[in-house]
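1. The sequence isn't on hand, but the structure is:
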């Protein structure tokens with residue numbers, strides 16, 4: 001594994017075009033070792049091109065990219081030795097058992113026979129596949145297949161893993177099981193670059209989220225930081241009876257009232273200041289026994305706010321960056 005002080009991925013001013021079409025436009029990002037970086041963006045934003053470049057499958061037109069300390073152009077072989085890639089298309093052979101798939105991967109990586117068998121057994125246990133290890137992969141559920149696919153990526157002990165929409169098609173239970181496994185992998189020091197269409201997945205797993213739109217990183221930060229950038233946060237006040245709710249809405253004319261739940265949503269800016277201000281005004285209005293919670297926009301709202309709809313002008317991206 002990389003020393004904790006050394007970034008696992010460093011991208012500086014990366015550009016890539018196909019003819020006159022610019023796909024990556026001056027992209028820069030840094031991913032610390034042992035963290036999860038989630039790359040979000042609409043279809044056509046450049047996510048696949050960026051990951052393909054970091055996997056040494058495409059050469060950048062300009063700029064630099066280093067993975068595990070190696071330049072993706074000058075030291076492509078070293079980069080390939082350091083990474084694992086799990087894409088939407090599974091590498092699992094349905095005609096082989098779970099054990100055979102993992103041992104085959106160990107053979108392809110030229111691991112000694114005993115080490116390959118030990119590694120296969122460890123991964124089957126880690127992914128909860130020991131009981132089904134001797135069944136052909138054709139009999140596996142979708143969740144089990146995705147687990148086996150990720151396990152195969154880990155056979156060689158990569159320090160950096162690219163996960164391209166790893167939970168696509170999984171039911172909620174299988175998705176959460178996969179998230180738990182990803183957390184275990186990261187806890188052991190592995191770095192994850194995650195692309196996903198499930199924004200809850202990024203919210204659950206990512207230390208840092210980068211929003212890629214039209215080839216540019218238009219926003220970057222922790223999930224909480226990005227949510228604070230988007231208007232729409234509010235304080236929810238719940239009361240015991242309709243009379244108290246009347247008092248709340250008189251004190252806050254811009255509140256959105258919900259009689260069914262005896263609550264009101266009050267638009268807010270800074271969270272702490274908002275709560276203090278709400279409490280003071282509720283006291284002045286004679287509202288007692290109120291429950292208060294602060295609610296921020298979710299990543300769906302962040303995504304829609306920070307990415308351009310089809311046909312938007314380039315100036316929009318400039319304003320968002």
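-> Looks like it came in fine. Every value quoted in this text rests on a predicted model; they were computed, and no experiment measured them.
2. Now for residue 212: which residues touch it?
-> Counting by C-beta atoms under 8 Å, 6 or more residues apart in numbering, residue 212 makes contact with 27, 39, 40, 41, 45, 46, 47, 50, 218. Glycine gets a C-beta too; all of them are placed from N, C-alpha and C.
3. Just give the number of residues close to the residue nearest to it when sequence neighbours are not counted.
-> Of all residues not flanking residue 212 in the chain, residue 41 sits nearest, at 3.7 Å (C-beta to C-beta, 6 or more residues apart in numbering). By the criterion of other C-beta atoms under 10 Å, residue 41 has 24 neighbours.
4. Likewise for the one 3 residues further on?
-> Neighbourhood size, residue 44 [other C-beta under 10 Å]: 13.
5. about what we covered before: selection in ChimeraX covering whichever of the contacts of residue 212 are buried, please.
-> Applied in ChimeraX, the following selects the buried portion of the contacts of residue 212 according to 16 or more other C-beta atoms under 10 Å:
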select :27,39,40,41,45,46,47,50,218
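6. Which ones among the contacts of residue 212 map onto helices?
-> Applying DSSP state H to the contacts of residue 212, the entries found in helices are 47, 50.
7. follow-up on the earlier one: test my guess that the residue nearest to residue 212 contacts residue 215.
-> No. The pair residue 41 / residue 215 is not scored as a contact, 9.3 Å apart, by C-beta atoms under 8 Å.
8. follow-up on the earlier one: which one of the contacts of residue 212 is nearest residue 94?
-> Nearest to residue 94 among those, counting by C-beta to C-beta, is residue 47 at 28.0 Å.
9. Run through the residues that contact the closest one.
-> Each residue near residue 47 by C-beta under 8 Å, 6+ apart is listed here: 39, 41, 195, 212.
10. Then residue 82?
-> Here residue 82 is in contact with 67, 68, 70, 158, 159, 160 (criterion: C-beta under 8 Å, 6+ apart).
11. so where's the stretch 1-150 of the chain shaky on pLDDT?
-> Scanning the stretch 1-150 of the chain for pLDDT under 70 picks out the ranges 1-5.
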